[in-house]
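Novice: Here is my input, please return the structure:
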Amino acid sequence: MKKKLVLLLHGFDANGKSHFLPHLNKSLLPLGNIYSPDLPQSRNPDLAVWKKTIMKIVDGQPIDLVVGHSLGSVIAMNMVANDEIKVKNLVSIAGSTGWKDLDIMNKFITPPIALDKLKKSLNNFFVVHSYDDPYCAFEYGMILVKQAGATGIFFANKGHFIVKELPEAVLDLIKNILSK
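Specialist: Numbering: from 1, shown residues only. Model (predicted):
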């Protein structure tokens, strides 16, 4: 059986070994070919450079699963909506298509991401968000549920998911997606 292609994308001022990504990478290794790249200059991200990096890794292949954290989710949504990558399943963790405090990050959502395109392009779209996220308002998670057809999984006290391990329910969801 062919191993599934999985892409783990970090967010702003992070890298492929930040937060929960190493644990997730290790947990998913038996289920797929896992790529968790260090996207360049994550403290001063450039949309075009990040896209080029991702496209080089993917090399035109359809991606079975993308798990994006924060800005990693945003670039995944951007690229799917613009038909730059083919993704079957997307799990957005603490991601938001809403306006950011830092102008450099607003380039990732300008022009606005076509949420209806996400609904049509993805087999499964999950939004994992916490009510107390200090960077991405909970309401933006609800917008993705309502307008992009995502399934929402919400927590009360996980902040921006700056954690070493994801909640068990989220890890189980991701493993379940890959087992199909």
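
Novice: Could you use CA atoms for every contact and neighbour count after this?
Specialist: OK.

Novice: center of this protein - which residue?
Specialist: Centroid-nearest residue in the chain: Gly68, 1.9 Å away (criterion: CA atoms, centre = their mean).

Novice: can you pull out the helices in the chain?
Specialist: For the chain, the helices defined by DSSP state H cover 21-28, 47-58, 71-81, 103-106, 115-121, 138-148, 168-179.

Novice: measure the residue nearest to the residue nearest to the centre of the chain when sequence neighbours are not counted to Ser18 for me?
Specialist: Leaving out its chain neighbours, the residue that sits closest to Gly68 by CA to CA, 6 or more residues apart in numbering is Leu9, at 4.6 Å. Distance, Leu9 to Ser18, by CA to CA, to the nearest Å: 10 Å.

Novice: Please say which of those two ends up with more neighbours.
Specialist: Using other CA atoms under 10 Å as the criterion, Leu9 and Ser18 rank with Leu9 on top: 27 against 18.

Novice: you'd agree the more buried one is up against Ser73?
Specialist: Yes - Leu9 lies in contact with Ser73 (CA atoms under 8 Å); the separation is 7.0 Å.

Novice: Spell out which residues are contacts of both of the two.
Specialist: Common contact partners of Leu9 and Ser73 (CA atoms under 8 Å, 6 or more residues apart in numbering): Val67.

Novice: By mean pLDDT, point me to the weakest helix or strand of this protein.
Specialist: Ranked by mean pLDDT, DSSP states H and E, the weakest helix or strand in the chain is helix 103-106, scoring a mean of 74.

Novice: buried residues in that one?
Specialist: Residues Met105, Asn106 are the ones in helix 103-106 that count as buried (16 or more other CA atoms under 10 Å).

Novice: what separates it from the chain centre, distance-wise?
Specialist: Counting by CA atoms, centre = their mean, to the nearest Å, helix 103-106 is centred 17 Å from the centre of its parent chain.
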